[in-house]
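Enquirer: all I have is the shape, not the residue letters:
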């Protein structure tokens, strides 16, 4: 419903054309791929199609009658087409499906509750009406939702205001609406009046404005959207002093696109500002059905079972319609569907029920019934608000997961665009794994070929495409820095923000997710000598790697790059390529790189990310507590003796590939490859190897002790000439954003923040970390699975007691400290145990852990991001 934009008059003319009507009677057009002879009367499950029969009305048990409101002349055309499909053998196999049209929702809801129709195509206000009437009537069934359109999920309203009525900077707050005259759609419209006005008064706290509803097509609950169009016209014209409007995002966008009669797109764009805040999202339209008699009769009659079967057949058939079917696509598009019909969600009313309840027009919505498995307890009247700190790859997937489970989500990011560190980083930065390991599970990284290693700029464009593809932008507040997060006595949070124009604001949230990533440009890690007393003796520059953005900063200079991680190696190579006068790579210790292809033949992921390869590692290190299968301990009891000599061969192979078997820069016989991977993991090509061999890069093991005017003095007394020193020394964690009581409860230790399942602090309620305390090889997919897990944990679908969480954290801590290097990130490391951690996530959220098509692929093929395609989508489906 709510499908405005094409010509109503032309549709009406087409609908009433005599030849069209005659063709509908004579020719049985079908949206299905086949049509077969009529079924025996009353046989609902038959594979044949039953046509209308003269003077033979179907019984109530046979028929399935759906009601819909005729808000547009095309409604009949749409349901004529869907009826063809539903009554066909390859469609719904519902030979007696039909529909009736109502002029208003009140009549339609009455017909549903009285049993005159079986299904109602209801808007959200009608859905709430139906729930309340059914619950209050002891002689009727209760209401169950059984399907909806994709475009009806997460419906949004925007707050608009005339630019010349605003004061201040570019980022306008809804507080500017205080005392203004505000136009809205009709007073029965959820998106054009009810939800936004309730939000303005009860959430924002503005109760002194003048609200002028534009009453059109009352009874259709805003489906025609004419009232919203008139509200925008009134705002543009300043009618009756109107300076602002509350309308659906969809209608505002159509106004900007120039598709609304009477709205000048250029005038709307130039003279109107969309204010930063907005009401909670809600779901718009849903199929509502009565699922049986009242619980008082036990719900055991065969009539109830027959009725349920009809509703299930209807729901399954509608959800099976395929936009790729050329027969079905035209009708689906006419109905306004973007891609597909969707399953119902737990509470299609949401913010609508809240608004109606506050006006005394609806109950609070707590119906606790025990009528079979199809009955449900309706959720609370308001959606819990979640603040997400960061809009990088972890924050964006968290937004999507939380929205899918019905939370009202806002992600804050201090930068002008999404992406986190991918938005801007050091010269020549890029991904150290092939693109199939660094892509969102359900959006292909199509800009880069399989096997290629994306550049930072390519990743950034891909991230921006993800936001657009899943329409996440409305839940993201850019140029907004979170400056303080403090927990209230009731467990909720006060989140203080500051925008780039200096405006500060306090916001209340029920839950907070830290998704600022493993690395943050706000907290570069610098050696003490970089800011120490002797640094002032140096006439050159000392920069962190994140500050080296252009080749011009390097060209012609004597460059010393400090570090041995990926950023240091990348910048040593980039400095040589940028025309540096000399390049020295200075590393404190030797560490193991992993070649992109093992033995120059096998892509590393076939070993590092296959079940076989990760089980070989497990034989050496032992199972990951809470994740690895029970039999893993048996394999470890044997593997701890078998695997060391095997990995020694691997080390020799790696050292030989990098031409670094001996000497101070070689890790061979100094540190184990598996252990070192958990402290300093990096996958490299041969660029550094070849630069060192050619003499273009001088690689030394040592540490800076002090400075002279033209260089650095190492701990062994050697002097290294330098004009520019680049610290490729990574980033450090910073938890100062939290209040002191929260920091104390987090109990941050020298080797990191220890969390249940790398996500939940055991002593702080309503707080979680996604991405920022988890290191896996394919981190972009790992963060998505982590966000999915969290969304189910917070809705109570995954349950763990405090004692169980503390016990698991203690086990993981003991296991890691036995063999992993003591680094500040030790608590976050999963890496070569990634598959078993993913398995645990899949089991917890109720999906299959084994994602491959056969046993050979399961054990020998690498696990890639697209193996988890659809996991986030399942959150939106009703369980």
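Expert: Yep, it's here. Model, not experiment: these values are computed from the prediction.
Enquirer: residue 219 is in contact with residue 106, correct?
Expert: Yes. With contact defined as CB atoms under 8 Å, residue 106 counts as touching residue 219 (6.4 Å). C-betas here are computed from N, CA, C, even on glycine.
Enquirer: can you report phi and psi for the residue nearest to residue 709 when sequence neighbours are not counted?
Expert: Once flanking residues are discounted, residue 709 sits nearest to residue 539: 4.7 Å by CB to CB, 6 or more residues apart in numbering. For residue 539, the backbone dihedrals (degrees, to the nearest 10) come out as phi -80, psi -10.
Enquirer: against residue 700, how distant is residue 539?
Expert: 22 Å (CB to CB, to the nearest Å).
Enquirer: more crowded one of these two?
Expert: residue 700 (16 against 12; other CB atoms under 10 Å).
Enquirer: you'd agree the more buried one is in a strand?
Expert: Yes. Membership of residue 700 in a strand is supported by DSSP: H, G, I helix; E, B strand; the rest coil.
Enquirer: contacts for the helix or strand encompassing residue 839?
Expert: Here residue 839, judged by DSSP states H and E, is contained in helix 834-845. Contacts with helix 834-845, where a contact means CB atoms under 8 Å, 6 or more residues apart in numbering, come from 609, 611, 614, 618, 623-624, 626-629, 632, 757-758, 776-778, 782, 785-786, 788-789, 792, 797-798, 830, 848-849, 851, 863, 868, 871, 874.
Enquirer: same thing but 7 Å
Expert: With contacts defined as CB atoms under 7 Å, 6 or more residues apart in numbering, helix 834-845 is touched by 609, 611, 614, 624, 626-628, 776-778, 782, 785, 788-789, 792, 798, 830, 848-849, 863.
Enquirer: next helix or strand past that helix?
Expert: Past helix 834-845, the next helix or strand by DSSP H and E is helix 855-860.
Enquirer: now do the buried residues in the helix or strand following that following helix.
Expert: Counting by DSSP H and E, the next helix or strand C-terminal to helix 855-860 is helix 871-874. By neighbour count with 16 or more other CB atoms under 10 Å, helix 871-874 contains the buried residues 871, 872.
Enquirer: return the distance of helix 871-874 from the chain's centre.
Expert: Computed by CA atoms, centre = their mean, to the nearest Å, the chain-centroid distance of helix 871-874 equals 10 Å.
Enquirer: again with stretch 482-500
Expert: 22 Å.
Enquirer: can you list contacts of that stretch?
Expert: 171, 387, 389, 412, 479-481, 504-510, 512, 737-739, 742, 765-766.
Enquirer: mark which of the residues you listed are buried, thanks.
Expert: Judged by 16+ other CB under 10 Å, buried ones among these: 171, 387, 389, 412, 479-481, 507, 509-510, 512, 737-738, 742, 766.
Enquirer: out of the residues you listed, who's nearest residue 64?
Expert: residue 510 (40.8 Å; CB to CB).
Enquirer: list the contacts of the nearest residue to that closest one once chain neighbours are set aside.
Expert: Nearest residue to residue 510 in three dimensions, chain neighbours excluded: residue 384, at 4.0 Å (CB to CB, 6+ apart). Each residue near residue 384 by CB under 7 Å, 6+ apart is listed here: 407, 408, 510, 511.
Enquirer: show me the shaky parts of this protein.
Expert: 1-52, 89-93, 137-141, 168-171, 292-304, 345-350, 364-382, 518-521, 876-879 (pLDDT under 70).
Enquirer: one more time with 50
Expert: Scanning the chain with the threshold set as pLDDT under 50 gives 3-50, 169-170, 294-301, 348-349, 366-381, 878-879.
Enquirer: longest single helix anywhere in it?
Expert: Taking DSSP state H as the criterion, the chain has its longest helix at helix 632-657.
Enquirer: show me which residues of that helix are buried.
Expert: Applying 16+ other CB under 10 Å to helix 632-657 flags 632, 635, 636, 639, 643, 647, 650, 651, 654, 655, 657 as buried.
Enquirer: for the stretch 151-300 of the chain, which segments count as helices?
Expert: 195-198, 226-237, 249-257, 265-271 (DSSP state H, counting those that start in this stretch).
Enquirer: mind putting the ones you listed into JSON lines with mean neighbour count?
Expert: Output for those, formatted as JSON lines (neighbours: other CB atoms under 10 Å):
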{"stretch": "helix 195-198", "mean neighbour count": "26"}
{"stretch": "helix 226-237", "mean neighbour count": "23"}
{"stretch": "helix 249-257", "mean neighbour count": "20"}
{"stretch": "helix 265-271", "mean neighbour count": "13"}
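Enquirer: same list, these, but as JSON lines with distance to residue 839 please.
Expert: Shown next, in JSON lines, are the helices of the stretch 151-300 of the chain (distance: least, CB to CB, whole Å):
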{"stretch": "helix 195-198", "distance to residue 839": "41"}
{"stretch": "helix 226-237", "distance to residue 839": "49"}
{"stretch": "helix 249-257", "distance to residue 839": "39"}
{"stretch": "helix 265-271", "distance to residue 839": "50"}
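Enquirer: phi and psi next, for residue 329.
Expert: Per degrees, to the nearest 10, the backbone of residue 329 is at phi -60, psi -40.
Enquirer: residues contacting it?
Expert: With CB under 7 Å, 6+ apart, residue 329 has these contacts: residue 323.
Enquirer: just the ones of the contacts of stretch 482-500 in strands?
Expert: Mapping the contacts of stretch 482-500 onto strands (DSSP state E) picks out 387, 389, 412, 480, 481, 504, 505, 506, 507, 508, 509, 512.
Enquirer: the last one and residue 94, how far apart?
Expert: Relative to residue 94, residue 512 is positioned 48 Å away (CB to CB).
Enquirer: what of residue 648?
Expert: Distance from residue 648 to residue 94, by CB to CB: 68 Å.
Enquirer: can you tell me which of the contacts of residue 384 has the most neighbours?
Expert: Neighbour max across the contacts of residue 384 (other CB under 10 Å) = residue 407, 25 neighbours.
Enquirer: residues contacting it?
Expert: Residue 407 makes contact with 383, 384, 386 under the criterion CB under 7 Å, 6+ apart.
Enquirer: how about the nearest residue to it, chain neighbours excluded?
Expert: residue 386 (4.6 Å).
Enquirer: those helices in the stretch 1-150 of the chain, which residues are they?
Expert: 8-15, 18-26, 74-86, 105-113, 124-136.
Enquirer: over to the stretch 351-500 of the chain?
Expert: Counting by DSSP H, counting those that start in this stretch, the helices of the stretch 351-500 of the chain are 351-358, 393-404, 456-469.
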